[in-house]
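[1] Provided below are the primary sequence and the corresponding predicted coordinates.
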Amino acid sequence: SMIHLTSGNFFQEAERSELPVLIDFYAAWCGPCKALAATFESLAEQYGARVKFCKVDVDAEPQLAGKFGIMSVPTLVLLKNGRVSQQLSGVRTAAELTGTFALS
């Protein structure tokens, strides 16, 4: 189940998570974000027991986008123990994401 992060739940859901947290920063108007979303959701189904999959709408949550210096969408950020471990922008294949974020 995908968690939508807000400034209200971010500390509890992301910074305090025992699992690594993979965050999809997206915007509703962004075509490439829609393409990535399908891949992201399929990875969440496969690896959701090991990594917490979350989404941030940058228009609804500009402060969270600012916190991570998000300049373009889609951008994926992997947090481990509340700290940025990896970051990747643009539409990527499932294989690229699995490799970059060491999901498998």
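    In hand now; what should we look at?
[2] Please put the alpha-carbon coordinates of stretch 27-37 into PDB.
    Extracted in PDB, the C-alpha atoms of stretch 27-37 (Å, rounded to 0.1, in the frame of the first residue of the first chain):
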ATOM      1  CA  ALA A  27       3.300  16.300  -9.900                       C
ATOM      2  CA  ALA A  28      -0.200  15.600 -11.200                       C
ATOM      3  CA  TRP A  29       0.500  17.600 -14.500                       C
ATOM      4  CA  CYS A  30       3.700  15.700 -15.200                       C
ATOM      5  CA  GLY A  31       3.500  13.100 -18.000                       C
ATOM      6  CA  PRO A  32       6.800  11.400 -17.300                       C
ATOM      7  CA  CYS A  33       5.600  11.000 -13.600                       C
ATOM      8  CA  LYS A  34       2.600   9.000 -14.800                       C
ATOM      9  CA  ALA A  35       4.900   6.700 -16.800                       C
ATOM     10  CA  LEU A  36       7.200   6.200 -13.800                       C
ATOM     11  CA  ALA A  37       4.200   5.700 -11.400                       C
END
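[3] could you pull out the helices for this protein?
    Taking DSSP state H, the helices of the chain run over residues 10, 31-47, 62-67, 94-100.
[4] Could I get the pLDDT score of the residue of the chain most remote from its centre?
    Most distant from the centre of the chain: Trp29, at 17.3 Å, with distances by Cα atoms, centre = their mean. On the pLDDT scale, Trp29 is placed at 97.
[5] Look up how far Ser89 lies from it.
    Relative to Ser89, Trp29 is positioned 17 Å away (Cβ to Cβ, to the nearest Å). No exception for glycine: its C-beta is placed from N, CA and C like everyone else's.
[6] what residue is smack in the middle of the chain?
    Ile23 (1.5 Å).
[7] Contacts only, for that residue.
    Leu5, Ala14, Cys54, Lys55, Val56, Phe68, Leu76, Val77, Leu78, Leu79 (Cβ atoms under 8 Å, 6 or more residues apart in numbering).
[8] By neighbours, which of these wins?
    Val56 (28 neighbours; other Cβ atoms under 10 Å).
[9] which residue sits closest to Ser17, ignoring its sequence neighbours?
    Lys52 (5.4 Å; Cβ to Cβ, 6 or more residues apart in numbering).
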